[in-house]
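Peer 1: Next one to model:
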Amino acid sequence: MGVTTRKQYRITALAVGMFMAVNLILLRSVILYKEKRVKYHKDHHVDKPVILIWNLPMGMENDYRVDEEECGEEIDCLLTYDQDLVNRSDAVVFHFDSASLNSMPKHRKSEQLYVWWSIEKNHKSNLKEFDNFFNLTMTYRRDSEIYAPYGSTNIILEELRNEKQFDLEELLQKKKKSRKMAAWAVSNCAVHRRMKLAKDMIAAGLDLDTFGQCFDDRDIGDEQNSESFYDTLSEYKFYLSFENGYHCKDYITENFWYNGLRSGAVPIVWGAEKKDIEAVAPKNSFIHVDDFKEVSDLVEYMIQLSVNDADYEKYLQWRKWVAIPQLAEDRFRISNGKKELHSFCKLCQVLHQQKTNAMNGEKKSMVVKSLREWWHTKENKECIFSDMLDFEMPQDGVRDFLMRIPQFRDNL
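Peer 2: So this is what the prediction gives:
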């Protein structure tokens with residue numbers, strides 16, 4: 001073998017060796033990559049429960065978190081909108097506004113929980129087709145299997161603590177400096193009774209600043225729930241927390257929790273019954289329209305409070321709980337540093353408990369026998385009337401159903 005040939009052989013051998021080494025490295029990388037993918041797949045699709053939101057609520061995809069940081073220790077689920085994961089899901093959640101049998105998954109696993117979810121009052125759907133179909137209800141009503149309110153006293157207190165809003169006197173001085181009386185933001189102009197109530201309050205002498213699509217689309221701050229949003233509303237002494245339904249059970253929305261309580265403007269409540277507000281809000285934290293015989297009496301009371309600092313400040317005493325949690329009412333004290341769970345955290349907790357029960361050989365049957373009966377017949381008649389009076393009549397079939405309800409039929 002000549003010198004040139006030996007050099008070529010060595011070069012070729014070296015090249016082959018390098019090629020094999022590179023491929024070995026690539027192969028190991030692929031293996032490690034696959035191992036990581038398998039581990040990721042296992043961590044996120046097998047080891048912890050999967051919650052699938054089948055249809056978008058109001059057509060919007062929200063970034064709900066269901067992990068230990070958000071929910072607390074040992075409450076961790078994968079929440080997804082990916083319908084391809086339906087067979088891997090432990091719970092499938094259907095929002096009321098687009099839930100129908102025609103749009104349901106083609107196959108249902110026996111151990112899956114089907115959850116009927118509603119963030120809005122809606123009494124125009126028949127719901128008869130869903131008899132013995134769902135396992136759980138998740139709504140703003142306290143008699144739901146999973147109570148999913150728009151807000152809560154403890155959640156607001158937690159937010160205020162996180163933002164270090166401890167100084168009640170600073171908030172009161174801000175209101176004195178601004179001299180602003182009342183604010184109201186509304187984008188649904190079809191609820192005629194609350195629009196008339198606001199107009200009557202203005203006619204009775206209330207100085208009211210209006211915002212929202214019903215009033216030239218005027219914004220409060222940069223966007224809802226932003227720092228500038230709360231900063232603007234905190235300058236007002238009162239906020240009109242008027243709902244789009246009358247006496248609907250537990251229907252207490254952001255109009256009360258965030259536009260009112262959270263911002264520091266005392267809520268003037270119309271819509272939910274006083275007893276429902278009292279069940280979830282601090283004592284002496286709001287003023288209810290139903291307590292006044294005439295609109296003029298309500299406005300007069302608001303004006304008196306606006307010039308009497310001591311009486312007005314009584315409605316904000318609950319905010320001292322931000323700095324001193326020990327002052328809170330017993331029902332709002334959470335022990336051992338635990339936090340109040342949001343709706344999907346509660347559902348995740350149910351799924352973990354279900355898996356624990358299954359491991360112990362325990363199986364509990366959960367079935368909503370008649371969604372229609374629960375949602376319609378257990379609702380206040382005033383709420384159903386308000387839907388009819390403020391909007392169009394219910395869909396075909398619902399009126400016939402309602403006619404069989406004495407509290408509805410007897411008041412026609």
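Peer 1: wait, what's in contact with Ser228?
Peer 2: Residues in contact with Ser228 (Cβ atoms under 8 Å, 6 or more residues apart in numbering) are Gly221, Asp222. In short, each C-beta sits where N, CA and C put it, glycine included.
Peer 1: sorry, that was for Asp207
Peer 2: Asp207 sits in contact with Met181, Ala182, where contact means Cβ under 8 Å, 6+ apart.
Peer 1: mind listing what the closest residue to Ile146 other than its chain neighbours touches?
Peer 2: Spatial nearest neighbour of Ile146, excluding adjacent residues (Cβ to Cβ, 6 or more residues apart in numbering): Met138 at 4.1 Å. Going by Cβ under 8 Å, 6+ apart, Met138 touches Val93, Val115, Trp116, Trp117, Ser118, Ser144, Glu145, Ile146, Ala148, Ser343, Lys346, Leu347.
Peer 1: Let's see that with 10 Å instead.
Peer 2: 91, 93-95, 115-119, 144-148, 343-344, 346-347, 350 (Cβ atoms under 10 Å, 6 or more residues apart in numbering).
Peer 1: Filter the residues you listed down to the ones in helices?
Peer 2: Residues of these located in helices (DSSP state H): Ser343, Phe344, Lys346, Leu347, Val350.
Peer 1: where's Asn357, which helix or strand?
Peer 2: Taking DSSP states H and E as the definition, Asn357 sits inside helix 343-359.
Peer 1: Name the helix or strand for Ala182, please.
Peer 2: strand 180-185.
Peer 1: CA-only coordinates of the next helix or strand after that strand in CSV, if you can.
Peer 2: Of the helices and strands lying after strand 180-185 in sequence (DSSP H and E), the nearest is helix 192-203. Presented in CSV, the C-alpha positions along helix 192-203 are these (Å, rounded to 0.1, in the frame of the first residue of the first chain):
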residue,chain,number,x,y,z
HIS,A,192,-85.2,48.7,30.9
ARG,A,193,-86.1,48.7,34.6
ARG,A,194,-82.5,49.4,35.8
MET,A,195,-82.2,52.1,33.2
LYS,A,196,-85.4,53.7,34.4
LEU,A,197,-84.2,53.4,38.0
ALA,A,198,-81.0,55.2,37.2
LYS,A,199,-82.9,58.0,35.4
ASP,A,200,-85.2,58.4,38.3
MET,A,201,-82.2,58.7,40.7
ILE,A,202,-80.8,61.4,38.5
ALA,A,203,-84.2,63.2,38.5
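Peer 1: Touching helix 192-203 from outside, list them.
Peer 2: 182, 184, 186, 188-189, 191, 206-208, 210, 214, 240, 242-246, 268, 270-271, 289, 294-296, 298-299, 302, 386, 389-391.
Peer 1: Just the buried subset of those, please.
Peer 2: Neighbour-count burial (16 or more other Cβ atoms under 10 Å) applied to those gives 182, 184, 186, 191, 206, 208, 210, 214, 240, 242-246, 268, 270-271, 289, 295, 298-299, 302, 386, 390.
Peer 1: host element of the residue nearest to the spatial centre of the chain?
Peer 2: Nearest residue to the geometric centre of the chain (Cα atoms, centre = their mean): Tyr150, 4.3 Å. Assigned by DSSP H and E, Tyr150 belongs to no helix or strand.
Peer 1: Thought Glu254 was touching it, still the case?
Peer 2: Yes: with contact defined as Cβ atoms under 10 Å, Tyr150 and Glu254 form a contacting pair (5.3 Å).
Peer 1: neighbours of Gln349, just the number please.
Peer 2: Residues contacting Gln349 under the criterion other Cβ atoms under 10 Å number 19.
Peer 1: Report the contact partners of the nearest residue to it once chain neighbours are set aside.
Peer 2: Spatial nearest neighbour of Gln349, chain neighbours left out: Ile75 (5.3 Å); criterion: Cβ to Cβ, 6+ apart. Shown in contact with Ile75 (Cβ under 10 Å, 6+ apart): 48-49, 66-68, 341, 344-349, 351-352.
Peer 1: ok, Asn87 to Ala148 distance?
Peer 2: Distance of Asn87 to Ala148, given as Cβ to Cβ, to the nearest Å: 26 Å.
Peer 1: Over to Lys175?
Peer 2: Where Ala148 is concerned, Lys175 sits at a distance of 33 Å (Cβ to Cβ).
Peer 1: more crowded one of these two?
Peer 2: Lys175 (23 against 18).
Peer 1: so which strand or helix has that one?
Peer 2: Under the assignment here (DSSP H and E), Lys175 is part of helix 168-178.
Peer 1: likewise Arg161?
Peer 2: helix 153-162.
Peer 1: quick one: average confidence on that helix?
Peer 2: The average pLDDT for helix 153-162 rounds to 94.
Peer 1: next one: stretch 379-395
Peer 2: 67.
Peer 1: Sketch out the helices for the stretch 1-150 of the chain, chain order is fine.
Peer 2: Residue ranges of the helices in the stretch 1-150 of the chain, as given by DSSP state H, counting those that start in this stretch, are 3-45, 68-71.
Peer 1: Worst mean pLDDT among those helices?
Peer 2: helix 3-45 (a mean of 40).
Peer 1: So which residues of this structure form strands?
Peer 2: Secondary structure of the chain (DSSP state E): strands located at 50-53, 78-80, 91-95, 113-118, 136-139, 146-147, 180-185, 208-211, 236-242, 266-270, 287-288.
Peer 1: So what are the sheet partners of the longest one and their directions?
Peer 2: Same thing as strand 236-242. Partners of strand 236-242 in the sheet, by DSSP bridges, are strand 180-185 (parallel), strand 266-270 (parallel).
Peer 1: can you state the direction angle for the shortest one and helix 192-203?
Peer 2: Compare the direction of strand 266-270 with that of helix 192-203 by axes from the mean of the first three to the mean of the last three Cα atoms, to 10 degrees and you get 130 degrees.
Peer 1: got it, and the longest one?
Peer 2: With the same axes, to 10 degrees as the basis, strand 180-185 and helix 192-203 are set at 160 degrees to each other.
Peer 1: How many residues are close by the closest residue in space to Phe242 that isn't next to it in sequence?
Peer 2: Of all residues not flanking Phe242 in the chain, Arg194 sits nearest, at 4.2 Å (Cβ to Cβ, 6+ apart). As a burial measure, Arg194 scores 23 neighbours (other Cβ under 10 Å).
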